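Participant: Using only what follows, build the 3D model:
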Amino acid sequence: MKIALPIVLSNATVPILGAVDVGVVGQLGEAAPIGAVAMGAIILTTIYWIFGFLRMGTVGMVGQAEGAGDRAEVSALLTRALLIAGAGGLLLIVLQPLIFLAAFALSPATPEVESLARDYLYIRIWSAPAAIAVYALTGWLVAMEKTTGVFWVQLVMNGINVALDFLFVLGFGWGVEGVAIATVIAEITGAALGLYLCRSAFDHPAWREWPRIFARARLIKMMLVNVDILIRSALLMIIFSSFVFLGAGFGDVTLAANEVLIQFMYITAYAMDGFAFAAETLIARAYGRGLPERVRRSAIVTSGGGAMVCVSMSAFFALAGPWLIDVMAKAPEVQADARLYLWWMVAAPLVGCAAWMLDGIFIGATRGRDMRNMMMLSFVIYWAAIFALMPWLGNHGLWAALLISFIARGVTLGAKYPALERAAAVRDQ
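Facilitator: Residues are numbered from 1 along each chain as shown. Have a look, this model is predicted:
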């Protein structure tokens, strides 16, 4: 709970920030600024998401190094991750014209919205190195069981963003540009605070021992782990994106109903993250020490907490789902359609719990190859379910396919778990 609770609390600040961004520009009395901020934020969030492997890969590798008592590698890993973040951010700044051109080609908007979105993006992109560095810093803090630091980074970053939103947009009248400048300052401040909270890494001289940092074998290992996690995450993103696009084929009402219900999934993910992060760090420590019994104990304890969250969320959706739907959607036809499919969302936390917790367990053990391969198999099963069930059951078939993909991930990763424990035992020999 010491590891999990700060993550749950920090996640609670994320949707608040998005709501304030939209609410502040909404005070301008025009629709275009709202659309511009929403479009710009989605484009950058998607781009930055590519670097999410830095958080997951860093947790496993740093946790294992700490468990093995290799303090030099603990420090060196943070430097490696920050170098990747800096290089990735600078590359995005250099390539921004091409990136934004491609983004607007894929997601066209009205000339006014696109113009305002470009203004937003050309400001926000300058904090790309800091925004990506936060992934690496978060991963290091989680691995070191300093999740209270993660909470403070998120709280300070989002708090500054919210305060500056009000000052720049409503006080100074800077409009969409004001929202972007507020976010740039907040992201740079968040990265600076993260560096301060990771200062113990710089107590060991290995953080600047360049032969160790650029050692070929260590770089290859880091690259392989991160590439496997990237592929796994990309396939998962395709599944969720295809769910949205395929749902659009059933009409605007069903698309809106699906979008309302999928928000329940995100709420569950925010609540689950605390125990999944706890699994990552505890498994990594036990794995680094070569203690298979401790690996098993960590998996059981964290999964027990995750299961309680999932059961609670399922019961909550069953009881309060209709009320939540009415709050989130005012159109009667959307409300009725969402109620029709609500029971799928009631079932989702129950059937998805194993997959979500096993993700954390395998990340901690840096078993990226297993995650990639089992995700590939689950990806194929998802599309097989789509082709088999959608023509027969329509949108119910789409929801069934999504839940089947959760089950497939849980079953396939579960089948690989014994090998994970055996590998921990080998490390002890």
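Participant: where do the helices sit along the stretch 201-350 of the chain?
Facilitator: 210-213, 216-248, 252-289, 292-328, 332-364 (DSSP state H, counting those that start in this stretch).
Participant: who are the neighbours in contact with residue 157?
Facilitator: Applying CB atoms under 8 Å, 6 or more residues apart in numbering, one finds that residue 157 lies in contact with 134, 186, 187, 189, 190, 193. Every C-beta, even on glycine, is put in place using the N, C-alpha and C of the backbone.
Participant: same deal with residue 262?
Facilitator: 240, 243, 244.
Participant: got it, and residue 185?
Facilitator: For residue 185, counting by CB under 8 Å, 6+ apart, the contacting residues are 160, 161, 164.
Participant: Could you rerun that using 10 Å?
Facilitator: Contacts for residue 185 (CB atoms under 10 Å, 6 or more residues apart in numbering) come out as 127, 130, 157, 160, 161, 164, 168.
Participant: got a markdown table for those, with secondary structure, pLDDT and distance to residue 424 too?
Facilitator: Below are the contacts of residue 185 laid out as a markdown table (DSSP: H, G, I helix; E, B strand; the rest coil; pLDDT from 0 to 100; distance: CB to CB, whole Å):
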| residue | secondary structure | pLDDT | distance to residue 424 |
| --- | --- | --- | --- |
| 127 | helix | 94 | 39 |
| 130 | helix | 96 | 36 |
| 157 | helix | 92 | 35 |
| 160 | helix | 93 | 41 |
| 161 | helix | 90 | 41 |
| 164 | helix | 94 | 46 |
| 168 | helix | 93 | 51 |
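Participant: Poorly predicted segments of the protein, please.
Facilitator: The chain contains residues with pLDDT under 70 at 12-23, 26, 29, 31, 107-109, 427-429.
Participant: let's go with 50 and repeat that
Facilitator: In the predicted model, the chain carries pLDDT under 50 at residues 429.
Participant: if we can go back for a sec, redo the helices of the stretch 201-350 of the chain as JSON lines? Include distance to residue 119.
Facilitator: What follows is the helices of the stretch 201-350 of the chain, written out as JSON lines (distance: least, CB to CB, whole Å):
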{"stretch": "helix 210-213", "distance to residue 119": "38"}
{"stretch": "helix 216-248", "distance to residue 119": "26"}
{"stretch": "helix 252-289", "distance to residue 119": "27"}
{"stretch": "helix 292-328", "distance to residue 119": "30"}
{"stretch": "helix 332-364", "distance to residue 119": "32"}
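Participant: Out of those, flag the one nearest residue 96.
Facilitator: helix 216-248 (21.3 Å; CB to CB).
Participant: where does the closest one sit relative to the chain's centre, distance-wise?
Facilitator: On the basis of CA atoms, centre = their mean, to the nearest Å, helix 216-248 sits 11 Å off its chain's mean C-alpha point.
Participant: List the buried residues for it?
Facilitator: 218, 222, 225-226, 228-233, 235-236, 239, 242-243, 246-247 (16 or more other CB atoms under 10 Å).
Participant: What of stretch 356-376?
Facilitator: So, applying 16+ other CB under 10 Å, buried residues of stretch 356-376: 356-375.
Participant: what's the answer for stretch 420-429, then?
Facilitator: For stretch 420-429, by 16+ other CB under 10 Å, it's 420, 421, 423, 424, 427.
Participant: got a list of contacts for it?
Facilitator: 64, 67-68, 283, 286-296, 299, 358, 361-362, 364-367, 370, 413.
Participant: Try it again at 6 Å.
Facilitator: 287, 290, 292, 295, 365, 367 (CB atoms under 6 Å, 6 or more residues apart in numbering).
Participant: if I pick the fifth one, what's in contact with it?
Facilitator: Under the criterion of CB under 6 Å, 6+ apart, the neighbours of residue 365 are 283, 287, 420.
Participant: One more: the third one?
Facilitator: Applying CB under 6 Å, 6+ apart to residue 292 gives the contacts 421, 424, 425.
Participant: number of nearby residues for residue 309?
Facilitator: For residue 309, the neighbour count with other CB atoms under 10 Å is 22.
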